[in-house]
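# Okay, structure incoming, though there's no sequence with it:
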């Protein structure tokens, strides 16, 4: 009997220990969480230097984009210890700062001599600060990014296509610089047969579940004058969100979707627009700069066949912000190790290597380098875009605000319900209710 | 001889006495059999309480508060019936409920009609009927995740087989319609997939019903010169009805909470055209993080399904008693 009891006790203890052990991180090991995409592979490569210098082993938890927010925000909300370091989306910073999920880095930056003035101002503002624009830093800018465009340079340079375009529009065929030109160019290419294959005007974001259609449509909304508030910080949205310009912008986006996207692209985000372009279906496509190094090297559509352009302007020049900062998760068991990684990552030479490997460094040592503009075919556009970026709400309630916009936009653009004015009026109503619930109004 | 027999008997009795298991209680430190019974079922009861009953009670509690799972440190306030009021007056939720009702109605109708017809055909014993039964059952053996992704490709307007078959039959160009991207076709695309996948399940239950009807009833009907049609309406349908109703109940409950297939096929889109109640609930709970309101919505759904299922089970019992 005693033996049985002892055995049982041993088994239970072993089971208990085995459950508890995974939670205990090794002191010389760090887990970095991020989205699973091209730049993440570059970061794995870059981090080998950190391991070589510090002896700290790096583990990575990369989550596919459609599940990234769900997975990681659940992790933070539940007080999990999966991540020591997190490259979280810019919109998360408000909630993560207010809920104590991120470590405030001001004292650390001061102690280690890390200056935020060494990084691009727009990036610091978007990726590091909360309240927005205040000198309270919750992250180090890690990956600058914006939504931009790429096109089939080889098609644009065919003499017969150029001549036909000139005849139809009266201007030379070139990458569009305004949304009117973008629509005109997309309509020109749409349905055309090139190299024996029917092609379409443009592949754009229409995804419903996470953030796709919002990140796509704001590429049209911002240049037409859409604003979140009339006065910054006042949440006075009437006349800003649903201004005449914003209505025109949303109509332009729907026009582009209806006229010129390949069939079946009703729920398309990053992967789908890349597919449309790589399979030779689309003359132009939108996507994040993060994918451009891979596109430029693509065997079928890269090299001389591809060109890049910054988001066309209309009444104003603007691009939708992407990108992230790197934060230390407050719940980490390896605070010293995590801070050491941030310190290492902030070094100018590491930032330079980060850019060389395919990451988008926003350190002045990289951006102000005279050779930067010519270092990649899209580098000059990246500089332009980062100087005109606009971001979605970064409020703690950003997820609810985003879902409301996803629904309103998809209902109008893809499901053909109501008018652009109805959609934006409805959005003002939704956002007012959400911000009232939050006590902001 | 007698002595010898007695010895054998005694030995056998002794052996039986020693080989019969001693009361388990005596082996485990003097516990009574009842205590041991409790000892064995306690983990099950504890598990049931922990994963079923406690979350339900906790959800009821949360439904009266402003709790948000992404703000665990925020002050919890009681909001009374406000969450229930907002759920019941939210037009988007009513639209989601209508979408769910549309989905449940058509899937059940189609699955019952086709499932019963297939069962009726399979029940006629023919050569290879066992093989065909297995073939028909294959769709329901697949994972919904696999089925969802598989049909996404089939519905793809440019390369999808479905569009090409429709095109072949009707002459309409395959790229001219989008099953998943069209407001009018998207709900039907989900109904088609669900019917394809779950009709075999209904068929199986109906087949059990048909096989349970004794042959002598049909033989008696034959003697009475009842026509095949008369036999079908007066014997087959009434006697298989409890099984059909059971299949309808199972599929109704299952489809009322349908999530995976819709999420994989359309994600609730285009717009909110195929956003069934479970997707709205998921968005409210895990994207908008309005945990209190989502709990109220979940309780309302639970009560609705539970209530409808109860009424239905009573009707089912009445049919069985006839």
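In hand now; what should we look at? If you're wondering where the values come from, they're calculated on a predicted model, not measured in any experiment.

# For the chain, give me the ranges with low pLDDT.
Here I'm looking at chain A. Applying pLDDT under 70 to chain A flags the ranges A:1-27.

# wait, chain B
Along chain B, the model assigns pLDDT under 70 to residues B:1-29.

# which bits of it sit near chain A?
Contact residues, chain B versus chain A (C-beta under 8 Å from any C-beta of the partner chain): B:27-29, B:69-73, B:92, B:156-158, B:175, B:178, B:180-181, B:183, B:263, B:266-273, B:283, B:286-290. Every C-beta, even on glycine, is put in place using the N, C-alpha and C of the backbone.

# in stretch A:328-335, what counts as buried?
Neighbour-count burial for stretch A:328-335, counted by 16 or more other C-beta atoms under 10 Å in any protein chain shown, picks out A:328, A:329, A:331, A:332, A:334.

# Is that stretch positioned near chain B?
No. Using C-beta under 8 Å from any C-beta, stretch A:328-335 never reaches chain B; the gap is at least 12.0 Å.

# if we can go back for a sec, out of the residues of chain B next to chain A, which are buried?
By neighbour count, with 16+ other C-beta under 10 Å, those hold B:69-71, B:156-158, B:175, B:178, B:180-181, B:183, B:263, B:266-273, B:283, B:286-290 as buried.

# From the residues of chain B next to chain A, which land in helices?
Applying DSSP state H to these, the entries found in helices are B:27, B:92, B:263, B:283, B:286.

# And the furthest pair within those?
Using C-beta to C-beta, these reach their maximum pairwise distance at B:27 and B:92, which is 62.1 Å.

# if I look at the residue in the stretch 51-200 of chain B positioned nearest to chain A, how far off is residue B:268?
Closest contact between the stretch 51-200 of chain B and chain A, by C-beta to the nearest C-beta, is at residue B:181 (3.1 Å). As defined by C-beta to C-beta, to the nearest Å, residue B:181 lies at a distance of 13 Å from residue B:268.

# which stretches of the stretch 151-300 of chain A form helices?
A:153-156, A:159-169, A:179-189, A:212-221, A:244-260, A:270-278, A:292-296 (DSSP state H, counting those that start in this stretch).

# can you put those helices in a markdown table and add distance to residue B:54 and mean neighbour count?
Below are those laid out as a markdown table (distance: least, C-beta to C-beta, whole Å; neighbours: other C-beta atoms under 10 Å in any protein chain shown):
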| stretch | distance to residue B:54 | mean neighbour count |
| --- | --- | --- |
| helix A:153-156 | 62 | 18 |
| helix A:159-169 | 67 | 13 |
| helix A:179-189 | 55 | 20 |
| helix A:212-221 | 37 | 26 |
| helix A:244-260 | 47 | 21 |
| helix A:270-278 | 40 | 21 |
| helix A:292-296 | 48 | 20 |
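
# Take those and lay them out in JSON lines including distance to chain B.
JSON lines is the format used below for the helices of the stretch 151-300 of chain A (distance: least, C-beta to the nearest C-beta, whole Å):
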{"stretch": "helix A:153-156", "distance to chain B": "19"}
{"stretch": "helix A:159-169", "distance to chain B": "23"}
{"stretch": "helix A:179-189", "distance to chain B": "17"}
{"stretch": "helix A:212-221", "distance to chain B": "10"}
{"stretch": "helix A:244-260", "distance to chain B": "11"}
{"stretch": "helix A:270-278", "distance to chain B": "10"}
{"stretch": "helix A:292-296", "distance to chain B": "22"}
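
# any chance of those in JSON lines, with distance to residue B:144 too?
Formatted as JSON lines, those follow (distance: least, C-beta to C-beta, whole Å):
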{"stretch": "helix A:153-156", "distance to residue B:144": "41"}
{"stretch": "helix A:159-169", "distance to residue B:144": "46"}
{"stretch": "helix A:179-189", "distance to residue B:144": "37"}
{"stretch": "helix A:212-221", "distance to residue B:144": "23"}
{"stretch": "helix A:244-260", "distance to residue B:144": "30"}
{"stretch": "helix A:270-278", "distance to residue B:144": "22"}
{"stretch": "helix A:292-296", "distance to residue B:144": "33"}
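
# so which of these comes closest to residue A:379?
Evaluated with C-beta to C-beta, the helices of the stretch 151-300 of chain A place helix A:292-296 nearest to residue A:379, the distance being 9.3 Å.

# could you say what helices and strands the closest one packs with?
Judged by 3 or more C-beta pairs under 8 Å, 6 or more residues apart in numbering or on different chains; DSSP states H and E, helix A:292-296 is in contact with strand A:147-152, helix A:270-278, strand A:306-309.

# buried stuff in stretch A:302-317?
Buried residues in stretch A:302-317, counted by 16+ other C-beta under 10 Å: A:302, A:305, A:306, A:307, A:308, A:309, A:310, A:311, A:312, A:313, A:314, A:317.

# wait, residue B:276 sits on residue B:100?
Yes. Look at residue B:276 against residue B:100 with C-beta atoms under 8 Å: they come within range, at 4.5 Å.

# Sketch out the strands for chain A, chain order is fine.
Ranges of strands in chain A, per DSSP state E, are A:29-35, A:57-63, A:85-89, A:140-143, A:147-152, A:193-194, A:197-198, A:200-203, A:282-288, A:306-309, A:319-320, A:324-328, A:389-390.

# Next, the angle from the second one to strand A:29-35.
Spelled out, it's strand A:57-63. 20 degrees (axes from the mean of the first three to the mean of the last three C-alpha atoms, to 10 degrees).

# is it true that residue A:246 touches residue A:222?
No. Applying C-beta under 8 Å, one finds residue A:246 not in contact with residue A:222, separated by 9.2 Å.
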